[in-house]
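**Q** this is the structure alone, sequence omitted:
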Ligand SMILES: Nc1ncnc2c1ncn2[C@@H]1O[C@H](COP(=O)(O)OP(=O)(O)OP(=O)(O)O)[C@@H](O)[C@H]1O
C-alpha cells in the first residue's frame, strides 16, 4: 500500500468555512527559519469583511540535525492531528469547524472579540500535520499513516540502539488514546484491527516482524513495562494487585541510567501474542482502576515502555546494543476552570496540571536554548521520568491532538502553541552500546571515509595530471591522506586486536568456570547417588548397612593414607597371595590365617623389615594365636575417634537445604549412627575384656 505523509503538494485546503479567504493567507512565510516570533499583521480599518488579520505563531526554530560528538543531534519532531467533530460539538449552537490545513501550515480562524465580523487567522507550522476529519477527503490521514510517519522512524532507530519516546498531548477527548492505542483500547479486536489499531500495538507488532527478519546470528530480547502516574503517584499497570493494593511505587535515580521506578514489573516477551496480552492487561487495569476510584483514565498519564537488547555475533566479533522506547499517553491538558468544580477535582486538576505545568516549564526552558538554563525536571514525577526523552539521550516525537470545533478554540490554540515551542527542543541521542564496539565502529567508518576521500583525490589528480604545477601540491595532499588512512587503519587494527584478546580471555575464563561447574555437578551427583543407596539400606536395618561397610572403608582408607607406604602395600599383597586376610583398624593390622585358624596383630607403626630377608620371614616372626582369642578389644577412645571420623565423612555428604528428601535421609543416618555409637560405648563398658567389639561389618549380621 502506498503511504504518504501529510503536508506535501497533494495536500489541498479542505472545503469549509474558509474557502472565501485564501488571499489573506498569502502572508504566511515560506520558510519557518525566517518566521518572526509572533507576528501580527493588523488589517486596516477599511479592510473588507471577508479579510481577516493573520497571526503567525511559529517561533523561530533553529532546526538542528547533525552527528558531531553525539550520534544524532536533532530537534523534537512535532506532529498535530485533527480529529472529526463529535456529535456534542456538532449539536452546539453556532458550531463551526475552524481548523484548516494548507501545505505545512495549520490555520485556525478565531473570531475577534468586539467585532463579530473580524477574524484572525493563527498560522502554525509543524513537521507533520494529520488531517483525520473526513475519511472521504483525499487528504485524510489514517491510523496506519500516522504510525508510518511517527512510529516507524522510532522503531528503525530503536533497532540501531537509540532510545526513543513518543508522547501524545492534547485536551481530553481530542484523540490521544485513539492515536496511541486505538479506537477501543481494551478490545483485542480493535487493538489489532487494520483500521483502528493505534501507534502502540502497531509498533509492538512491527518489532516482532523485524526480529523475525534479523540475521540468525542476532539475538534480540524484548522487555515491557507499563505504569500510570495519577496525582503524582506511580501505579504498576502490569501488577495483578493494582486494583486491590494501590500502594504507589517510588522513583530513584541510578547514577548512570538515570531515574527509574523501583519494583516496577518488567515482563520478558517472546512474541507479539505475549506482548499483546500484557498490553491488554495494562489497558484493563488502567480503566478498572479509574472506574474504581470514580475517575477517568484521562486524568492519568500512562507510560508503556519497551526495552530492546540486540546482540550480534558475526565473524567471531560480538556487538550488543540496547534501546528503550517510551510511548506516553498524557492526561488531558484542559485548564482547571473548564471541568473541575469539586474540591477533589480541583486537587486532582492541580496534580495533573502540576505534571503538565512542569512539562510546559521544562519545554520552555529547553526551547530557550540558553546555556546553563535551569530545567525543572524534578518538579514533577512525569518530567523526572521523561528527563532523557526531553533534551537528553533520546529521539523524541510529540503528537498534539486537537478538535476542529470552535467551542474548544482556546484549548486548541494553547495546545498548538505548546507544540510549537516543543519543536525547539534539541535532543542529543547516542547509540547505547559497549564503548569498545563504539570505538571499532567509529574507526571503521573513519577508514571508509578516508578511503573514499583518497579515491576521489586520486581520480581528480589523474584528470588534472597535465597541470604539473598542481601536481606537487596534490601529491603532498595525497601523501597526507595516505598517512592518515594508514594511521587510522593501524588504530583500528589495535582496537580489534585488544578486543579479540579480551574476547578470548573472557571465553577462557568462561570455559574454566564451566569446567568447575561440571566438576561440582559430578560431585553433587555422586553424593546424591550415595544418599540414594543409603536410603534403601537404612530402610532395611541400621545394622545391616552397606553404608557402615563403606564408612569402615573410609576409615581404612584414611589409615591407608596414614601408613600408605610401599612396605604396607607389599605386606598386603603378600598376605593376599598366601591366602591370608588383612584387616586394618585405626592403628594396627590384623592378619588372619583362615586355614590354620590363627591370627596375629601388628601395630602399623612397628611394621619394619629390618633384620628380615623377606616378608615371609617377617610374618613368620610375628606372634600368632588362635583366632578366637585374638579379637582386639576396642577402647572407648577408639570408638569415639572412629565415630568422629564417620561423622566427619558424613558431614561432607550433607545435602543442600532445598533437597528435602535427602535432608530427611541425612538426619535418619545421623540418628542411626548416634544409636550405634551409644550401643558400641555401652558394649565396651559392660563387657570389659570378655566381649570384644571389632569394627567390622560382621558384627552387624
Ligand atoms: N482521529 C479520530 N478519528 C475518529 N475518531 C476519533 C479520532 N480521534 C479520537 N476519536 C474519537 O474521539 C473520542 C475521544 O478520543 P480519545 O479517547 O482518544 O481522546 P483522549 O484525548 O485520549 O481523551 P482522554 O484525555 O480523556 O483520554 C473517542 O470516541 C474516539 O473514538
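**A** Arrived safely, thanks for sending. Everything numeric in this text was worked out from a predicted model, so none of it was measured.
**Q** quick one: the strands in the stretch 151-300 of the chain, in order.
**A** For the stretch 151-300 of the chain, the strands defined by DSSP state E, counting those that start in this stretch occupy 164-170, 218-230, 233-236, 251-254, 258-261, 267-269.
**Q** okay, those strands, which one's buried deepest?
**A** Stretch with highest mean neighbour count among those: strand 164-170 (a mean of 26; mean count of other Cβ atoms under 10 Å). No exception for glycine: its C-beta is placed from N, CA and C like everyone else's.
**Q** need the strands of the stretch 151-300 of the chain in CSV (columns: mean pLDDT).
**A** As requested, the strands of the stretch 151-300 of the chain are arranged in CSV below (pLDDT from 0 to 100):
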stretch, mean pLDDT
strand 164-170, 93
strand 218-230, 91
strand 233-236, 90
strand 251-254, 86
strand 258-261, 88
strand 267-269, 94
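**Q** let's have those strands in a markdown table, adding distance to the ligand.
**A** Supplementary listing: those in a markdown table, determined by distance: least, Cβ to the nearest ligand atom, whole Å:
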| stretch | distance to the ligand |
| --- | --- |
| strand 164-170 | 5 |
| strand 218-230 | 12 |
| strand 233-236 | 16 |
| strand 251-254 | 23 |
| strand 258-261 | 22 |
| strand 267-269 | 24 |
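**Q** in JSON lines, list these along with distance to residue 202.
**A** Putting the strands of the stretch 151-300 of the chain into JSON lines (distance: least, Cβ to Cβ, whole Å) gives the following:
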{"stretch": "strand 164-170", "distance to residue 202": "12"}
{"stretch": "strand 218-230", "distance to residue 202": "15"}
{"stretch": "strand 233-236", "distance to residue 202": "24"}
{"stretch": "strand 251-254", "distance to residue 202": "29"}
{"stretch": "strand 258-261", "distance to residue 202": "25"}
{"stretch": "strand 267-269", "distance to residue 202": "16"}
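**Q** and the residue of the stretch 51-200 of the chain found nearest the ligand, what does it touch?
**A** Distances between the stretch 51-200 of the chain and the ligand by Cβ to the nearest ligand atom are smallest at residue 175, namely 2.8 Å. Neighbour list for residue 175: 81, 83, 132, 401, 403 [criterion: Cβ atoms under 8 Å, 6 or more residues apart in numbering].
**Q** 10 Å instead?
**A** Each residue near residue 175 by Cβ atoms under 10 Å, 6 or more residues apart in numbering is listed here: 81-84, 86, 130, 132, 168, 198, 399, 401-403.
**Q** repeat that for residue 589.
**A** 559, 563, 568, 571-572, 575, 582-583, 600-604, 606-607, 622.
**Q** is it bridged to anything, and to what?
**A** residue 584, residue 602 (DSSP bridges).
**Q** and it, how far from residue 572?
**A** 9 Å (Cβ to Cβ, to the nearest Å).
**Q** quick check: neighbours shared by those two?
**A** residue 582.
**Q** pLDDT weak spots in the stretch 401-550 of the chain?
**A** Counting by pLDDT under 70, the stretch 401-550 of the chain has low-confidence residues at 435-436, 438, 441, 461-474, 496-497, 499-500, 503, 530-550.
**Q** again with the stretch 151-300 of the chain
**A** Checking the stretch 151-300 of the chain against pLDDT under 70 turns up 186-189, 242-246, 288-298.
**Q** on that earlier part again, ok, of the contacts of residue 589, which come out buried?
**A** Buried subset of those (neighbour count, 16 or more other Cβ atoms under 10 Å): 559, 563, 568, 571-572, 575, 583, 600-602, 604, 607.
**Q** I'd like to know which of the residues you listed are part of strands.
**A** Counted as lying in strands by DSSP state E, out of those, are 583, 600-602.
**Q** returning to what we had before: select, out of the strands of the stretch 151-300 of the chain, the one closest to residue 284.
**A** strand 218-230 (11.0 Å; Cβ to Cβ).
**Q** what's the offset of that closest one from the middle of its chain?
**A** 7 Å (Cα atoms, centre = their mean, to the nearest Å).
**Q** in the stretch 401-550 of the chain, what residue lies closest to the ligand?
**A** residue 401 (5.7 Å).
**Q** that residue touches residue 82, doesn't it?
**A** Yes. Proximity of residue 401 to residue 82 meets the contact threshold set by Cβ atoms under 10 Å, at 8.0 Å.
**Q** tell me, what's touching these two both at once?
**A** 130, 132, 174-175, 412.
**Q** can you tell me which of the residues you listed are in helices?
**A** residue 412 (DSSP state H).
**Q** out of the shared contacts of residue 401 and residue 82, who's nearest residue 491?
**A** For the shared contacts of residue 401 and residue 82, the nearest to residue 491 is residue 130 (47.5 Å; Cβ to Cβ).
**Q** specify the beta-bridge partners of that closest one.
**A** Counting by DSSP bridges, the residues bridging with residue 130 are residue 81.
**Q** pLDDT score assigned to it?
**A** Residue 130 is assigned 94 on the pLDDT scale.
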